[in-house]
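**Student:** Have a look; sequence and predicted model below, questions after that.
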Amino acid sequence: MPQEQPLISVIVPVYKVEAYLDPCVESIVNQTYRNLEIILVDDGSPDRCPEMCDAWAAKDSRIKVVHKKNGGASDARNAGLSQMSGEFATFVDSDDILYKEMIEVLWCSCVKSKTQLAMCPLFHFSSEAKLPMSLKGECKVLEGKFICSHLFVCNAAMPAAKLFHVSLLRNRRFMVGRRVGEDAAFNYPIFFEQSKVAFVNSPMYFYRERSESVMGSYKLVQLEELDTFQEMLCFYREHGSWKIYNAMALEYYARILAHEAKMKKYAVEDADVQERLLREKKALTGMENLLPVNKLLFACGNLFPGVFRKVFYRNQERQKRRYGGC
């Protein structure tokens, strides 16, 4: 590893994770990369998390705690951004765990490839006993626009499992008030501007799956992600990036079908929402510069939504294998 280590800020929004906070913070303080500024943002958590954060700060001088009124994960991350002083930054959710070398590997990848952004895949887990303990993947350099076309295949929509140079974060803040899709809204313009991104093909960020989380069941709040898709389509249309535009249109359509299926599965009845989903599906088929194959796929999806979803997500799995774990 290069000798000179710049300060790296680790921003952790904390809210109602009493059972998971200690393993998360422990995985950060035990990173092989030592020059860290660890910012625990207590987002008005009603449990023991505020005291636990303070206890960690008393044990490790690299940790500082921000106590604030509850405002959601985006507001907490913004508070962390306002406090950070590192040359690089990474975001960690307070119920997740980092591989011990993650920050070191991502920083070395930035140095080696001369990039301002490095990332790695996620490893989904529910039991800590099953976490991988070794690295297997290599580093490759990908174009930012390529990643935009595969934003969700690459897990690039999330702020986690990434290392950002501070220059990419100036004047950028997470969207407060949107609880689903706010991550992608923060990330996609950053990736779009990057000529190259370091991608380490090894899952070093361990993402905990919890049934009580926002994404752990179906709630109508999850429809907020569709607003982000609309904004992304507008952004790519304005920039004339039609390849990314068409890729996002397919993802958007698949998400609409997924919402319809989940509403049916969980017996969620809302006529206004159902009408909205139908209206947005129809609007997609009339979009400008839409590839003929996409129009055909949308028409097929309207007739056979289950088949479309199965083919679409099977194709995404093939893309993951093709691009080495993206």
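**Tutor:** Cool, got the structure. Numbers count the residues shown, from 1 in each chain.
**Student:** and residue 320, helix, strand or coil?
**Tutor:** helix (DSSP: H, G, I helix; E, B strand; the rest coil).
**Student:** Give me the neighbour count for it.
**Tutor:** Using other CB atoms under 10 Å, residue 320 has 16 neighbouring residues. Glycine gets a C-beta too; all of them are placed from N, C-alpha and C.
**Student:** Distance of it relative to residue 150?
**Tutor:** Between residue 320 and residue 150 the computed distance is 9 Å (CB to CB, to the nearest Å).
**Student:** State the helix or strand in which residue 199 lies.
**Tutor:** Residue 199 is located in strand 197-200, with elements delineated by DSSP states H and E.
**Student:** elements contacting that strand?
**Tutor:** helix 102-113, strand 117-119, strand 139-142, helix 144-149 (3 or more CB pairs under 8 Å, 6 or more residues apart in numbering; DSSP states H and E).
**Student:** Most tightly packed of these?
**Tutor:** strand 117-119 (a mean of 27; mean count of other CB atoms under 10 Å).
**Student:** Give the pairing partners of it; include direction for each.
**Tutor:** strand 162-165 (antiparallel), strand 197-200 (parallel) (DSSP bridges).
**Student:** now those in a markdown table, with distance to residue 277, mean neighbour count and mean pLDDT?
**Tutor:** What follows is those, written out as a markdown table (distance: least, CB to CB, whole Å; neighbours: other CB atoms under 10 Å; pLDDT from 0 to 100):
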| stretch | distance to residue 277 | mean neighbour count | mean pLDDT |
| --- | --- | --- | --- |
| strand 162-165 | 31 | 22 | 98 |
| strand 197-200 | 33 | 26 | 96 |
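**Student:** Please identify which of the ones you listed is closest to residue 307.
**Tutor:** strand 197-200 (31.7 Å; CB to CB).
**Student:** Identify all contacting residues around stretch 72-81.
**Tutor:** 9, 11-15, 39, 41, 43, 66, 68, 89, 91, 93, 159, 169, 172-179, 182 (CB atoms under 8 Å, 6 or more residues apart in numbering).
**Student:** OK, contacts around residue 178?
**Tutor:** Counted by CB under 8 Å, 6+ apart, residue 178 has contacts 74, 185, 224, 227-228.
**Student:** quick revisit: which of the strands paired with strand 117-119 sits closest to residue 105?
**Tutor:** Residue 105 lies closest to strand 197-200 among the strands paired with strand 117-119, at 5.8 Å (CB to CB).
**Student:** Check the offset of that closest one from the chain's centre.
**Tutor:** 15 Å (CA atoms, centre = their mean, to the nearest Å).
**Student:** what comes into contact with that strand?
**Tutor:** 105-106, 109-110, 112-113, 115, 117-120, 137-144, 147, 154, 191, 326.
**Student:** immediately after it, which helix or strand?
**Tutor:** strand 205-208.
**Student:** How about the contacts made by residue 20?
**Tutor:** Neighbours of residue 20 in contact, by CB under 8 Å, 6+ apart: 94-95, 208.
**Student:** Tell me where the model's unsure across the stretch 101-250 of the chain.
**Tutor:** Within the stretch 101-250 of the chain, the stretches with pLDDT under 70 are 211-217.
**Student:** those strands in the chain, which residues are they?
**Tutor:** Using DSSP state E, the strands of the chain run over residues 8-14, 36-43, 63-68, 88-91, 97-98, 117-119, 122-125, 139-142, 162-165, 197-200, 205-208.
**Student:** can these go into CSV with extra columns for distance to residue 288?
**Tutor:** Below are the strands of the chain laid out as CSV (distance: least, CB to CB, whole Å):
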stretch, distance to residue 288
strand 8-14, 38
strand 36-43, 41
strand 63-68, 43
strand 88-91, 35
strand 97-98, 43
strand 117-119, 31
strand 122-125, 34
strand 139-142, 28
strand 162-165, 32
strand 197-200, 29
strand 205-208, 36
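**Student:** Any figure for the gap between residue 77 and residue 225?
**Tutor:** The separation that residue 77 has from residue 225, given CB to CB, amounts to 17 Å.
**Student:** and what of residue 33?
**Tutor:** Taking CB to CB, one finds residue 33 at 33 Å from residue 225.
**Student:** what's the answer for residue 262, then?
**Tutor:** 12 Å.
**Student:** Give the residue from these two that has the larger number of neighbours.
**Tutor:** Applying other CB under 10 Å to residue 262 and residue 225 shows that residue 225 carries more neighbours, namely 21 against 14.
**Student:** pretty sure that one is touching residue 180, no?
**Tutor:** Yes: using CB atoms under 8 Å, residue 225 is in contact with residue 180, at 4.6 Å.
**Student:** buried residues in stretch 271-280?
**Tutor:** Neighbour-count burial for stretch 271-280, with 16 or more other CB atoms under 10 Å as criterion, is recorded at 277, 280.
**Student:** Please compute how far it lies from its chain's middle.
**Tutor:** That offset, for stretch 271-280, works out to 27 Å (CA atoms, centre = their mean).
**Student:** Tell me which of the strands of the chain lies nearest to residue 267.
**Tutor:** Closest among the strands of the chain, using CB to CB: strand 122-125, at 26.7 Å.
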